[in-house]
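**Q** Just need the structure, nothing else, for what follows:
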Amino acid sequence: MSGNFVIAAAEILNLLLELYTWVIIIAAIISWVNPDPYNSIVRFLHRVTAPVLNPVRRLIGGRLGPIDISPLIVIFAIFFLQRFLVRSLIEFGYRLKGGF
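**A** Numbers count the residues shown, from 1 in each chain. Model prediction:
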């Protein structure tokens, strides 16, 4: 039973990471068109992505010329978490079930 819980938690984590990846992609695309900062969608996207993107921007400078590469770096980090952490949790869940 605890194995099923770990597997389900890993799958939910994977889904949340996938959803956050799309939020970052949408925010990056919208930033290209000089959006209205008072638009509720733009404000939501900024509020949700800024806590993750701003530390990356401070750490690496965040720009490659005129291009902000911090969303790309965060997406790579999410990809790593999905491939390493989520898969490790799923394997651990199967071991708890006795399946490996």
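
**Q** Do a quick rundown of the strands in the protein.
**A** Assigned by DSSP state E, the strands in the chain fall at 63-64, 67-68.

**Q** By residue count, what's the longest helix in this protein?
**A** Ordering each helix of the chain by length in residues (DSSP state H) puts helix 2-31 first.

**Q** Would you pull up how far that one lies from the middle of the chain?
**A** Put simply, helix 2-31 sits 6 Å off its chain's centre (Cα atoms, centre = their mean, to the nearest Å).

**Q** what is the mean pLDDT for that helix?
**A** For helix 2-31, mean pLDDT is 96.

**Q** in it, what counts as buried?
**A** Neighbour counts over helix 2-31 (16 or more other Cβ atoms under 10 Å) mark 3, 6-7, 10, 13-14, 17, 20-21, 24, 27-28 as buried. C-beta: built from backbone N, CA, C; applies to glycine.

**Q** Of the residues you listed, which is the nearest to F80?
**A** L17 (10.2 Å; Cβ to Cβ).

**Q** Quick check: the closest one vs V52, distance?
**A** Between L17 and V52 the distance is 12 Å, computed by Cβ to Cβ, to the nearest Å.

**Q** next one: P35
**A** From P35 to V52 the distance is 19 Å (Cβ to Cβ).

**Q** hang on, the earlier thing: let me have the buried residues of helix 2-31 in a markdown table, extended by distance to Q82.
**A** Formatted as a markdown table, the buried residues of helix 2-31 follow (distance: Cβ to Cβ, whole Å):
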| residue | distance to Q82 |
| --- | --- |
| G3 | 20 |
| V6 | 16 |
| I7 | 15 |
| A10 | 10 |
| L13 | 9 |
| N14 | 6 |
| L17 | 5 |
| Y20 | 11 |
| T21 | 9 |
| I24 | 14 |
| A27 | 19 |
| A28 | 19 |
